[in-house]
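>>> Have a look; sequence and predicted model below, questions after that.
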Amino acid sequence: MTKETALISAQAYTRYHSARATPLRMSSYDVDLTQEQESSQHHAELFYLQKQIQSQTPMILILEDGEKIEGCIEWYDRNSLKLRGRQKLLVYKSSIKYMYKVGDQG
(Lines give C-alpha, C1' and ligand atoms only; values in the text may rest on other atoms or scores of the structure.)
Protein backbone atom coordinates (compact mmCIF):
# COMPACT_ATOMS: atom_id res chain seq x y z
CA MET A 1 0.00 0.00 0.00
CA THR A 2 1.45 3.37 -0.99
CA LYS A 3 1.39 6.46 1.20
CA GLU A 4 -1.31 8.02 -1.01
CA THR A 5 -3.53 4.95 -0.75
CA ALA A 6 -3.01 4.80 3.01
CA LEU A 7 -3.90 8.50 3.33
CA ILE A 8 -7.06 8.09 1.24
CA SER A 9 -8.03 5.02 3.29
CA ALA A 10 -7.48 6.95 6.51
CA GLN A 11 -9.57 9.87 5.22
CA ALA A 12 -12.39 7.54 4.15
CA TYR A 13 -12.28 5.84 7.55
CA THR A 14 -12.44 9.21 9.31
CA ARG A 15 -15.35 10.41 7.15
CA TYR A 16 -17.29 7.19 7.75
CA HIS A 17 -16.76 7.17 11.50
CA SER A 18 -17.34 10.91 11.96
CA ALA A 19 -20.71 10.58 10.20
CA ARG A 20 -21.75 8.02 12.82
CA ALA A 21 -22.73 9.05 16.33
CA THR A 22 -19.71 10.27 18.22
CA PRO A 23 -19.50 10.48 21.98
CA LEU A 24 -19.59 13.90 23.60
CA ARG A 25 -16.37 14.79 25.36
CA MET A 26 -16.69 17.33 28.11
CA SER A 27 -15.00 20.67 27.43
CA SER A 28 -12.46 20.21 30.22
CA TYR A 29 -10.54 17.88 27.86
CA ASP A 30 -9.69 20.54 25.30
CA VAL A 31 -6.77 22.42 26.76
CA ASP A 32 -5.31 24.34 23.79
CA LEU A 33 -8.34 26.25 22.51
CA THR A 34 -8.65 29.92 21.74
CA GLN A 35 -11.27 31.97 23.57
CA GLU A 36 -13.60 31.88 20.53
CA GLN A 37 -13.26 28.11 20.05
CA GLU A 38 -13.80 27.52 23.75
CA SER A 39 -16.93 29.68 23.76
CA SER A 40 -18.47 27.99 20.71
CA GLN A 41 -17.67 24.53 22.09
CA HIS A 42 -19.20 25.49 25.44
CA HIS A 43 -22.41 26.62 23.73
CA ALA A 44 -22.52 23.39 21.69
CA GLU A 45 -22.09 21.36 24.89
CA LEU A 46 -24.93 23.25 26.60
CA PHE A 47 -27.20 22.84 23.55
CA TYR A 48 -26.48 19.10 23.46
CA LEU A 49 -27.19 18.65 27.16
CA GLN A 50 -30.42 20.67 26.96
CA LYS A 51 -31.60 18.60 23.99
CA GLN A 52 -30.96 15.34 25.87
CA ILE A 53 -32.81 16.66 28.93
CA GLN A 54 -35.86 17.69 26.92
CA SER A 55 -36.11 14.38 25.05
CA GLN A 56 -35.24 12.31 28.16
CA THR A 57 -32.68 10.37 26.12
CA PRO A 58 -31.12 7.42 27.98
CA MET A 59 -27.38 8.13 28.13
CA ILE A 60 -24.27 6.22 29.12
CA LEU A 61 -21.53 8.16 30.89
CA ILE A 62 -18.01 6.77 30.98
CA LEU A 63 -16.10 8.11 33.95
CA GLU A 64 -12.36 8.72 34.22
CA ASP A 65 -11.91 5.47 36.15
CA GLY A 66 -13.72 3.47 33.43
CA GLU A 67 -17.02 3.08 35.31
CA LYS A 68 -20.16 3.17 33.14
CA ILE A 69 -23.27 4.92 34.43
CA GLU A 70 -26.60 4.73 32.61
CA GLY A 71 -29.53 7.10 33.00
CA CYS A 72 -31.32 10.22 31.77
CA ILE A 73 -29.90 13.66 32.45
CA GLU A 74 -32.31 15.63 34.66
CA TRP A 75 -30.35 18.87 34.91
CA TYR A 76 -26.86 20.29 34.76
CA ASP A 77 -24.95 23.27 36.04
CA ARG A 78 -21.45 24.58 35.54
CA ASN A 79 -19.72 21.70 37.33
CA SER A 80 -22.11 18.75 37.50
CA LEU A 81 -24.90 16.66 35.96
CA LYS A 82 -27.82 15.07 37.75
CA LEU A 83 -28.54 11.65 36.30
CA ARG A 84 -31.72 9.63 36.88
CA GLY A 85 -31.28 5.89 36.41
CA ARG A 86 -31.60 3.05 38.89
CA GLN A 87 -30.80 5.73 41.41
CA LYS A 88 -30.32 9.48 41.20
CA LEU A 89 -26.70 10.53 40.94
CA LEU A 90 -24.88 13.83 40.97
CA VAL A 91 -21.79 13.49 38.78
CA TYR A 92 -19.02 16.08 38.50
CA LYS A 93 -18.34 17.01 34.87
CA SER A 94 -14.62 16.79 35.55
CA SER A 95 -15.00 13.08 36.32
CA ILE A 96 -16.74 12.34 32.98
CA LYS A 97 -14.47 11.05 30.24
CA TYR A 98 -17.23 11.00 27.59
CA MET A 99 -20.90 10.18 27.12
CA TYR A 100 -23.12 8.75 24.41
CA LYS A 101 -26.72 7.74 23.81
CA VAL A 102 -27.83 4.21 24.73
CA GLY A 103 -27.77 2.18 21.53
CA ASP A 104 -24.84 4.12 20.03
CA GLN A 105 -21.41 2.64 20.44
CA GLY A 106 -18.91 4.63 22.48
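Cool, the structure landed.

>>> all strands of the protein, in order?
58-63, 68-76, 80-84, 88-92, 96-101 (DSSP state E).

>>> okay, Ala44: pLDDT?
Turning to Ala44, the model gives it a pLDDT of 90.

>>> Measure how buried it is and give me the count.
When neighbours are defined as other Cβ atoms under 10 Å, Ala44 has 12 of them. Placement of C-beta: from N, CA and C, glycine included.

>>> Let the chain start at 34 from now.
Fine by me, first position is 34 from now on; the one you just mentioned is Ala77.

>>> circling back to that earlier point, to Lys84, which of the strands of the chain lies closest?
Lys84 lies closest to strand 101-109 among these, at 9.9 Å (Cβ to Cβ).

>>> now the angle from the closest one to strand 129-134?
Our comparison of strand 101-109 with strand 129-134, counting by axes from the mean of the first three to the mean of the last three Cα atoms, to 10 degrees, yields an angle of 90 degrees.

>>> pLDDT below threshold where in the protein?
The chain contains residues with pLDDT under 70 at 34-66, 139.

>>> redo that, cut-off 90
For the chain, the stretches flagged by pLDDT under 90 are 34-76, 78, 111, 136-139.

>>> follow-up on the earlier one: reformat the strands of the chain as JSON lines; add distance to Leu82 and mean neighbour count.
Formatted as JSON lines, those follow (distance: least, Cβ to Cβ, whole Å; neighbours: other Cβ atoms under 10 Å):
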{"stretch": "strand 91-96", "distance to Leu82": "10", "mean neighbour count": "19"}
{"stretch": "strand 101-109", "distance to Leu82": "5", "mean neighbour count": "16"}
{"stretch": "strand 113-117", "distance to Leu82": "7", "mean neighbour count": "18"}
{"stretch": "strand 121-125", "distance to Leu82": "12", "mean neighbour count": "14"}
{"stretch": "strand 129-134", "distance to Leu82": "9", "mean neighbour count": "18"}
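
>>> of these, which approaches Phe80 most closely?
Minimum separation from Phe80 across those (Cβ to Cβ) falls at strand 101-109, 11.7 Å.

>>> can you pull out the helices in this structure?
Along the chain, the segments classed as helices by DSSP state H run 36-52, 68-88.
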